[in-house]
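Novice: Sequence isn't available, so here's the structure alone:
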């Protein structure tokens, strides 16, 4: 049979399969990550049989978005001299395009083939912080600073793909998980050279200016030329903190520059090209906000069980035991709320979960199977937080190589795995119900500010081993979510209009621009410890902490004390009209409030010294210690109240509102009864008032009484 007749035969098979659900134009839909190159689909003797089976699965599950090719560069270029063989990819794209399916095509720059390594080697391969070359044989074996890689190879492959497939592709994914496997910050010669150029541009080619702002007179660290500034690793003692901070900023900028480089090539050949890049969960290194302004669609990869297992600081041993097969109830939600607000110039946006965990993964220390029902819960929770697409990783398990233990929708022999049945029997019927309703993307009630400079500076100069930025942020987030609020996790530069409250777990280096915006904000503002404690150049402010925040609150931090695990202290506060006592730990600041300070009130004191621990001035409040989650919850309740959902957002139950629908997610291993909403009738769209274990109920509130 000729190739043309083979393709015609395949299309006849495809058209004979009737779809089982609504078309891909649904507001909420499903996707899948597809790796046809891993299943001999480029073997002409197996192409039609395997591809038709995959197409059948895609249709049976009403999958409307298919991502492919981000790791398949070797499919086209097995060696430098061979011509690019697009025949196989052409057939796959043609088959997918004949369906009501949107193709998301990845640019394959995360996996440069061996011939590129042979050609460029030290001009390509990244170097670790400990000066080890990171070799070929895995993925992400390139440095963002390699201009030769971009110009000689990346430009060519991206141009070929967009020229050939721009009419077939609805969304381009740039690379894959930028910075994964600790590759954001590399220590190769190219990075050093470009870091020097980056510093020269930032400091106006004035090395004296840089020396002064860095405080390089300390330990005689002055530089005579920018060419003398090396990377901050492998020094004898501690490197200058600002040296590290500028390198962290530079490294994030390099990844953004790499993303922008590929985006420009795509749009040069297709001005309508839409782009995304799949963020990692819990990423404190790559600045989402500087990358987000270059993206049309935001997306991230959700692996609740794997992250729970490998995160040793944020989650307690009890939480790991309790939620080992569900993931923590606030992990995926935190990332949904962060990714949806990735561009500080735009309000909350719909987003894609580009990779949703389908079963056991392969990369954590322990890799349990999700509890039955969790794929359903994770998917509906994503939709509740304004996702419009949830895409499962991956269509079929691959029996070889590094991820052979990583599960998929289909087993490695092509038989359906557990994910197939949960999608078919639970998620698809739920989507048919939900897509009857309008589900707009709306601004949250409260904005929690996530700040990358704060994350960087705390990791560089923690001053206490227990002070971890993400841990602190998560405490504040859990407190807010337990009160039933919809939360946006935004950049400090975002528009604050419309929020009831702004929450800064800490803002180490506030700018004058941010302080000016805060001065005109009419809602409530809460600052956590260390806010305003450093300048942009990582030094103590001339007027001491809280630096620029002195314009908002008239107090001074004169000393900080970091404490080991187990050394706690009591704080007595007068919030909410009654005296309460809370426990603090890890971090304690000494605050000075002048007797003649006007307008500032001490609303909490350390019980042992009776010195200020919490201060308030107008609509601003500052907490000078590491707080408990329950204490933050109490402050927010006293300040802006709570929603009618607060009684239901406890233990393993979480609720989020989207449009007129309320989604109640039960992470517990037993059923949980929803408390009635006072003055309203609950009409259930999915589930019932008793939310089953590891399940979701969705309801509307009707006939609510005013007042």
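Specialist: It's in. All values reported here derive from a predicted model rather than from experimental measurement. Numbering: from 1, shown residues only.
Novice: can you list contacts of the longest strand anywhere in the chain?
Specialist: Across the chain, the longest stretch assigned as strand under DSSP state E is strand 580-592. Here strand 580-592 makes contact (Cβ atoms under 8 Å, 6 or more residues apart in numbering) with 464, 466-467, 529-530, 545, 555-563, 565, 567-573, 606-607, 611-613, 615, 624-628, 630-631, 634. Backbone N, C-alpha and C define where each C-beta goes, glycine included.
Novice: in that strand, what counts as buried?
Specialist: 582, 584-591 (16 or more other Cβ atoms under 10 Å).
Novice: now the contacts of strand 580-592: which count as buried?
Specialist: Counted by 16+ other Cβ under 10 Å, those give 464, 467, 529-530, 545, 555-557, 560, 563, 569, 571, 573, 606, 612-613, 615, 624-628, 631, 634 as buried.
Novice: So which of the residues you listed sit within strands?
Specialist: Counted as lying in strands by DSSP E, out of the buried ones among the contacts of strand 580-592, are 556-557, 560, 569, 571, 573, 606, 612-613, 615, 625-626.
Novice: okay, those residues in JSON lines with pLDDT and distance to residue 499 next?
Specialist: Below are those laid out as JSON lines (pLDDT from 0 to 100; distance: Cβ to Cβ, whole Å):
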{"residue": "556", "pLDDT": "98", "distance to residue 499": "28"}
{"residue": "557", "pLDDT": "98", "distance to residue 499": "26"}
{"residue": "560", "pLDDT": "98", "distance to residue 499": "29"}
{"residue": "569", "pLDDT": "98", "distance to residue 499": "32"}
{"residue": "571", "pLDDT": "97", "distance to residue 499": "27"}
{"residue": "573", "pLDDT": "93", "distance to residue 499": "24"}
{"residue": "606", "pLDDT": "98", "distance to residue 499": "31"}
{"residue": "612", "pLDDT": "97", "distance to residue 499": "27"}
{"residue": "613", "pLDDT": "98", "distance to residue 499": "26"}
{"residue": "615", "pLDDT": "97", "distance to residue 499": "22"}
{"residue": "625", "pLDDT": "98", "distance to residue 499": "25"}
{"residue": "626", "pLDDT": "98", "distance to residue 499": "25"}
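Novice: what about stretch 618-625, distance to the chain center?
Specialist: With Cα atoms, centre = their mean, to the nearest Å as the basis, stretch 618-625 stands 28 Å off its chain's centre.
Novice: typo on my end, it should be stretch 217-236
Specialist: Taking the mean of its C-alpha atoms, stretch 217-236 sits 34 Å from the chain's own mean (Cα atoms, centre = their mean).
Novice: Report the buried residues of it.
Specialist: 223, 226, 229, 231-233.
Novice: Report the two of those separated the most.
Specialist: Longest distance between any two of these is 18.1 Å, between 226 and 233; criterion Cβ to Cβ.
Novice: thinking again about what came up before, quick check, nearest of the buried residues of strand 580-592 to residue 491?
Specialist: Ranked by distance to residue 491 (Cβ to Cβ), these are led by residue 587 at 24.1 Å.
Novice: So for that closest one, what's the nearest residue that isn't a sequence neighbour?
Specialist: residue 626 (4.3 Å; Cβ to Cβ, 6 or more residues apart in numbering).
Novice: wait, that neighbour sits on residue 530?
Specialist: No. Counting by Cβ atoms under 8 Å, residue 626 does not reach residue 530; the two are 9.7 Å apart.
Novice: residues contacting the closest residue to residue 543 other than its chain neighbours?
Specialist: Distances taken as Cβ to Cβ, 6+ apart put residue 550 closest to residue 543, at 5.9 Å, once the chain neighbours are dropped. For residue 550, the contact set (Cβ under 8 Å, 6+ apart) comprises 532, 543, 556.
Novice: Shouldn't residue 550 be within a helix?
Specialist: Yes. Under DSSP: H, G, I helix; E, B strand; the rest coil, residue 550 falls within a helix.
Novice: Identify, by residue count, the longest helix of the protein.
Specialist: If you go by DSSP state H, the chain has its longest helix at helix 241-269.
Novice: Counting by contacts, list what it packs against.
Specialist: Applying 3 or more Cβ pairs under 8 Å, 6 or more residues apart in numbering; DSSP states H and E, we find helix 241-269 packed against helix 155-165, helix 189-202, helix 207-214, strand 275-276, helix 288-292, helix 452-460.
Novice: tell me the SS of the residue nearest to the spatial centre of the chain?
Specialist: Centroid-nearest residue in the chain: residue 281, 4.2 Å away (criterion: Cα atoms, centre = their mean). The three-state label given to residue 281 by three-state DSSP is coil.
Novice: doesn't residue 684 make contact with residue 697?
Specialist: Yes. Residue 697 lies in contact with residue 684 (Cβ under 8 Å); the separation is 6.1 Å.
Novice: Shouldn't residue 665 be within a strand?
Specialist: Yes. Residue 665: assigned to a strand according to three-state DSSP.
Novice: any idea how far residue 265 is from residue 276?
Specialist: The gap separating residue 265 from residue 276 is 16 Å, by Cβ to Cβ, to the nearest Å.
Novice: do the same with residue 426
Specialist: Using Cβ to Cβ, residue 426 is found at 27 Å from residue 276.
Novice: Which one's more surrounded, these two?
Specialist: residue 276 (23 against 20; other Cβ atoms under 10 Å).
Novice: show me what contacts that one?
Specialist: The contact partners of residue 276, by Cβ under 8 Å, 6+ apart, come to 104, 171-174, 295-299, 352, 354.
Novice: what's the answer for residue 299, then?
Specialist: Residue 299 makes contacts with 173, 276-279, 339, 351-354, as judged by Cβ under 8 Å, 6+ apart.
Novice: give me the number of residues near residue 651?
Specialist: 13.
Novice: Likewise for residue 471?
Specialist: 17.
Novice: going forward, begin numbering at 31 instead of 1
Specialist: With the count now opening at 31, the last piece we talked about shows up as residue 501.
Novice: can you confirm it is in a helix?
Specialist: Yes. Applying three-state DSSP, one finds residue 501 inside a helix.
Novice: Return the residues in contact with the closest residue to it other than its chain neighbours.
Specialist: In this structure, residue 501 finds its nearest non-sequential neighbour in residue 344, 5.1 Å apart by Cβ to Cβ, 6+ apart. Residues near residue 344 by Cβ under 8 Å, 6+ apart: 312, 498, 500-501, 504.
Novice: 10 Å instead, please
Specialist: 312, 337-338, 358, 360-361, 498, 500-505 (Cβ atoms under 10 Å, 6 or more residues apart in numbering).
Novice: just residue 141 next, same as before
Specialist: Contact analysis of residue 141 by Cβ under 10 Å, 6+ apart lists 100-104, 166, 168-172, 205-206.
Novice: ok so, going back, next one: the residue nearest to residue 573 from residue 409, what distance?
Specialist: 47 Å.
Novice: Same check on residue 318?
Specialist: 23 Å.
Novice: Contacts only, for residue 294.
Specialist: 185, 188, 303, 324.
Novice: Now tabulate the residues you listed in CSV and tack on neighbour count.
Specialist: Formatted as CSV, the contacts of residue 294 follow (neighbours: other Cβ atoms under 10 Å):
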residue, neighbour count
185, 16
188, 24
303, 19
324, 16
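Novice: farthest pair in the residues you listed?
Specialist: Most distant of the contacts of residue 294, by Cβ to Cβ, are 185 and 324, 17.4 Å apart.
Novice: ok so residue 729 is a strand residue?
Specialist: Yes. Judged by three-state DSSP, residue 729 forms part of a strand.
Novice: re earlier: neighbours of the closest residue in space to the residue nearest to the centre of the chain that isn't next to it in sequence, just the number please.
Specialist: Excluding the flanking residues, the one nearest residue 311 by Cβ to Cβ, 6+ apart is residue 365, at 4.7 Å. Neighbours of residue 365 under the rule other Cβ under 10 Å: 25.
Novice: which element follows the helix or strand containing residue 365 toward the C-terminus?
Specialist: Secondary structure from DSSP states H and E places residue 365 in helix 361-369. Going down the chain from helix 361-369, the next helix or strand is strand 381-386, by DSSP H and E.
Novice: which neighbours does that following strand have in its sheet, and in what orientation?
Specialist: Paired neighbours of strand 381-386 in the sheet (DSSP bridges): strand 328-332 (parallel), strand 417-423 (parallel).
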